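Student: I would like to see how this sequence folds:
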Amino acid sequence: MLREMTSTWQQLNPGWSYHCFDRTTASLFFKDVFGDSVQEDFLSIRLPAMQSDVFRVAYIMTYGGLWADAASTCLSPLDHWLDPQSPLVLVRRDENCTKVCNGFIYAHKPQNKFLEAVWSSIASSIAKRAGTSVWSTFGPGLFRKTLMDVNLAREVLVVPLHRNSLNI
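Tutor: Reported below is the predicted structural model:
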C-alpha cells in the first residue's frame, strides 16, 4: 500500500527525488544533525504519530523540500498548483477552515524562520518530556499557534486542500 501511494508522487512528479524514512533512519538523522541528546529525546517518544510530527519539522527545516505523509496521494502534478518559489507552503482542509494540516509541508529553502520557531518549541518540549497533547504540542495545533505570530506568518502561504490536487 505504501509503495502505491508513493508511486503517485513519483509518476506525477518525475523530476523530484524521493526519500522514505522509518524510525531508524529518522533516528540517525537526529544523531547526525543535532547530536546524541536530541537523538535520545526522539527515541524516547513512544507514539509513532508524534515521532513523525517531530521528524518532519526537523528534516524540512534542515534541508528544505517537500514533506508528504506516506498515507497521502498526489492527484495532479505539483507544478500545476505549487509555487516552488514560495518560502513555505502549508495546506488547510477547506476554504473556511483555520486549521492547517502538517501532512504536507513545502519549504523552498532550508532554515525557514517559521519552521525554526516550530522546531524550537518542539525541541524544548521533547527535552523536558513535556506536552499532554500531540496535536497542540507537536502537530497541527502548534503550526496554528505559530501562525498567530504575524512576523512569522508573513512568509507562509496556506492553501486550501483541493480534492483534485492531494488526498491527505
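
Student: tell me which stretches of the protein form helices.
Tutor: Remark: helices assigned in the chain by DSSP state H are 2-12, 23-34, 36-44, 48-63, 113-128, 134-137, 140-147, 150-153.

Student: mind checking how far the nearest residue to residue 131 once chain neighbours are set aside is from residue 148?
Tutor: Nearest non-adjacent residue to residue 131, counting by CB to CB, 6 or more residues apart in numbering: residue 137, 3.1 Å away. The C-beta positions use only the backbone N, C-alpha and C, and glycine is treated the same way. Going from residue 137 to residue 148 by CB to CB, to the nearest Å gives 16 Å.

Student: and if you look at residue 71?
Tutor: 28 Å.

Student: rewinding a little: more neighbours, residue 137 and residue 148?
Tutor: Comparing residue 137 with residue 148 by neighbour count (other CB atoms under 10 Å), the higher total belongs to residue 137, at 20 against 8.

Student: output the below-cut-off pLDDT ranges for this protein.
Tutor: For the chain, the stretches with pLDDT under 70 are 1-6, 94-98, 163-164, 168.

Student: how does it look with 50?
Tutor: 1-4 (pLDDT under 50).

Student: max-length strand in it?
Tutor: strand 100-107 (DSSP state E).

Student: could I get the buried residue list for that one?
Tutor: 100-107 (16 or more other CB atoms under 10 Å).

Student: do the same with stretch 130-143
Tutor: So, applying 16+ other CB under 10 Å, buried residues of stretch 130-143: 131, 134-135, 137-143.

Student: now, which of those residues sits nearest residue 30?
Tutor: Using CB to CB, residue 138 comes nearest to residue 30 of the buried residues of stretch 130-143, at 14.4 Å.

Student: what sits closest to residue 115 if chain neighbours are left out?
Tutor: Per CB to CB, 6+ apart, closest to residue 115 is residue 61, 3.9 Å.

Student: hmm, back to that, make CSV out of the buried residues of strand 100-107 and add distance to residue 24.
Tutor: Shown next, in CSV, are the buried residues of strand 100-107 (distance: CB to CB, whole Å):
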residue, distance to residue 24
100, 29
101, 26
102, 22
103, 22
104, 24
105, 22
106, 25
107, 24
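
Student: specify which member of these is nearest to residue 45.
Tutor: residue 102 (15.5 Å).

Student: give me the nearest residue to the closest one, chain neighbours excluded.
Tutor: That would be residue 140: by CB to CB, 6+ apart, it lies 5.0 Å from residue 102.

Student: so the one you found touches residue 100, yeah?
Tutor: Yes - in this structure residue 140 lies within contact range of residue 100 using CB atoms under 8 Å: 5.7 Å.
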